[in-house]
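> got a structure for you, letters missing:
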């Protein structure tokens, strides 16, 4: 029997561990926190925007920086994910802009399904155990070294430690550092799916105001991004909401090339000038 170690009990780590268990591997899932899925419970304002129900081409256009995810999505995409949860008793609903949420409106419903599947597939989950190093033997990954110095051998190691956002949840870039030490080339990290800070002060007076059925244009020099029609939320420091999250990664790219980036809000996109 193959032995698989998964580092990180977020959604990706739990799904990887579940699948390895389904395929008959002996699986150990290490999590540095005392509980799993800390960031998952925060997502979608506690509701968990599970996925988006649009087709593959639109998904890559709206939520990805390129085509590198296409082959992975051919193996397991949004409908597969939705079927996984529905098959395990969780009812889902599709809201505006094809956003998919649990019908319960609670991200904990997603976590409950994942925990149940971990148990059903005999995955051993060990909390308060931080992986500190992936070790190599005879030019092959052979296991991990934990924070307490314990060495755990395995045939395969899956790194699912997250990026560097919301560090208080445990995402401090561990997996990126492990991959770099193993010889992988690491691309510069960029913000994505984030709120945007703007220079003007007036958003502070509009904090909490949500604009619905509006359209955004992001302009930087001769380049222009146009959003779909959707929602925008004013915050104490700028703007947030689904439209901003979708565009935020591309805004980061524009800022690298041109520091002067402007946001235009069309309050009535259905009407001509």
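Nice, I can see it. These figures come from a predicted structure and were not determined experimentally.
> which residues in the stretch 51-200 of the chain form helices?
Using DSSP state H, counting those that start in this stretch, the helices of the stretch 51-200 of the chain run over residues 56-63, 70-75, 78-87, 107-120, 174-181.
> what about the third one, distance to the chain center?
In terms of CA atoms, centre = their mean, to the nearest Å, the centre of helix 78-87 is found 17 Å from the chain centre.
> next helix or strand past the longest helix belonging to the chain?
In the chain, assigned by DSSP state H, the helix with the most residues is helix 242-257. On the C-terminal side of helix 242-257, the closest following helix or strand by DSSP states H and E is strand 262-266.
> now the helices of the stretch 51-200 of the chain as CSV including mean neighbour count and mean pLDDT?
From N, CA and C alone the C-beta is placed, and that goes for glycine too. Listed next are the helices of the stretch 51-200 of the chain as CSV, based on neighbours: other CB atoms under 10 Å; pLDDT from 0 to 100:
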stretch, mean neighbour count, mean pLDDT
helix 56-63, 14, 88
helix 70-75, 10, 94
helix 78-87, 14, 98
helix 107-120, 18, 98
helix 174-181, 17, 95
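> and the ones you listed: which comes nearest residue 252?
Closest of these to residue 252 is helix 56-63, at 14.0 Å (criterion: CB to CB).
> show me what that closest one packs onto, helices and strands only.
The contact analysis (3 or more CB pairs under 8 Å, 6 or more residues apart in numbering; DSSP states H and E) places helix 56-63 against strand 51-52, helix 70-75.
> run the last query once more with 10 Å
strand 51-52, helix 70-75, strand 223-234, helix 242-257 (3 or more CB pairs under 10 Å, 6 or more residues apart in numbering; DSSP states H and E).
> compute the inter-axis angle for it and strand 223-234.
Computed with axes from the mean of the first three to the mean of the last three CA atoms, to 10 degrees, the direction of helix 56-63 lies at 70 degrees from that of strand 223-234.
> now residue 102: how far from residue 129?
29 Å (CB to CB, to the nearest Å).
> and for residue 99?
The value you get for residue 99 to residue 129, if CB to CB is used, is 34 Å.
> residue 259: what's it in contact with?
Contacts for residue 259 (CB atoms under 10 Å, 6 or more residues apart in numbering) come out as residue 220.
> residue 237 touches residue 204, doesn't it?
Yes. Residue 237 lies in contact with residue 204 (CB atoms under 10 Å); the separation is 7.7 Å.
> quick one, which of the helices of the stretch 51-200 of the chain is nearest to residue 273?
Nearest of the helices of the stretch 51-200 of the chain to residue 273, taken as CB to CB: helix 56-63 at 26.4 Å.
> now do that closest one against helix 78-87, angle only.
Going by the same axes, to 10 degrees, helix 56-63 makes 90 degrees with helix 78-87.
> between helix 242-257 and helix 56-63, find me the angle.
Going by the same axes, to 10 degrees, helix 56-63 makes 70 degrees with helix 242-257.
> residue 255 and residue 65: what is the separation?
Taking CB to CB, one finds residue 255 at 14 Å from residue 65.
> and what of residue 46?
Distance check for residue 46 against residue 65: by CB to CB, it reads 27 Å.
> one more: residue 199?
Relative to residue 65, and taking CB to CB, residue 199 is found at 25 Å.
> so which of these two has more stuff around it?
residue 65 (14 against 7; other CB atoms under 10 Å).
> grab the nearest non-local neighbour of the more buried one.
residue 249 (6.0 Å; CB to CB, 6 or more residues apart in numbering).
> thanks again, I'm all set now.
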